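Undergrad: Quick one, what's the 3D model for this:
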Amino acid sequence: MAKSRKNTHTWSEEDNIMALYYYKFKTLHLGLDESEIAKMLGTNIESLKIQATNFRRLQTVREGLSDFSKLQASIYEQYGNCGRYELFSKIKEIFPVNKIISERIIKLNYPHRDFKKT
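TA: Coordinates of the predicted model:
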């Protein structure tokens, strides 16, 4: 019997902005890899890649595709022409990217310490 793949993640506007960034620039300047992005969004890498593929389809063909949502189309209309730094600035407004990177640097510099969240 084939396994059923059920993704219960509901993609928000913010999640779609991250997926658009991932589609356009992969992980460039995020300081996060694919698995960390997916975890931060509360989904898996496969779902993240599917969302990125939907943005590629939106870029090339706007009519006749049902794989993308109205929300994705709206996000693409609003942010699709943004450059890397403009879109990265938006990502930093939404997600704690700088905090995640800072915590990683602290752990690398002080691996023997157990930093607890306050």
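Undergrad: From now on I want contacts and neighbour counts done on CA atoms only, so please keep to that.
TA: Noted.
Undergrad: For residue 28, see how far away residue 71 is.
TA: Distance of residue 71 to residue 28, computed by CA to CA, to the nearest Å: 24 Å.
Undergrad: Equivalent analysis for residue 74, please.
TA: 24 Å.
Undergrad: Mind checking what secondary structure residue 10 has?
TA: Classification of residue 10 by DSSP: H, G, I helix; E, B strand; the rest coil places it in coil.
Undergrad: and it, what does it touch?
TA: Going by CA atoms under 8 Å, 6 or more residues apart in numbering, residue 10 touches no other residue.
Undergrad: pLDDT at the closest residue to residue 18 other than its chain neighbours, what is it?
TA: Spatially, and ignoring its direct neighbours in sequence, residue 18 is nearest to residue 91 (6.5 Å; CA to CA, 6 or more residues apart in numbering). Per-residue confidence (pLDDT) for residue 91: 92.
Undergrad: How many neighbouring residues does residue 91 have?
TA: Residue 91: 18 surrounding residues under other CA atoms under 10 Å.
Undergrad: so who does it touch?
TA: Counting by CA under 8 Å, 6+ apart, residue 91 makes contact with 17, 18, 97.
Undergrad: Show me the residue sitting in the middle of this protein in space.
TA: residue 18 (3.2 Å; CA atoms, centre = their mean).
Undergrad: what helix or strand is the nearest residue to residue 98 once chain neighbours are set aside on?
TA: Excluding its sequence neighbours, the residue lying closest to residue 98 (CA to CA, 6+ apart) is residue 92, at 7.3 Å. Assigned by DSSP states H and E, residue 92 belongs to helix 84-94.
Undergrad: what do you get for residue 76?
TA: Counting by DSSP H and E, residue 76 is found in helix 70-79.
Undergrad: now that helix and helix 84-94, what's the angle there?
TA: Angle, helix 70-79 to helix 84-94, by axes from the mean of the first three to the mean of the last three CA atoms, to 10 degrees: 130 degrees.
Undergrad: pull the CA atoms of helix 70-79 into PDB?
TA: Extracted in PDB, the C-alpha atoms of helix 70-79 (Å, rounded to 0.1, in the frame of the first residue of the first chain):
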ATOM      1  CA  LYS A  70      -4.600  33.100  -5.300                       C
ATOM      2  CA  LEU A  71      -2.400  34.000  -2.400                       C
ATOM      3  CA  GLN A  72       0.800  32.900  -4.300                       C
ATOM      4  CA  ALA A  73      -0.400  34.900  -7.300                       C
ATOM      5  CA  SER A  74      -0.900  38.000  -5.100                       C
ATOM      6  CA  ILE A  75       2.500  37.600  -3.500                       C
ATOM      7  CA  TYR A  76       4.200  37.200  -6.900                       C
ATOM      8  CA  GLU A  77       2.400  40.300  -8.200                       C
ATOM      9  CA  GLN A  78       3.500  42.300  -5.100                       C
ATOM     10  CA  TYR A  79       7.100  41.000  -4.700                       C
END
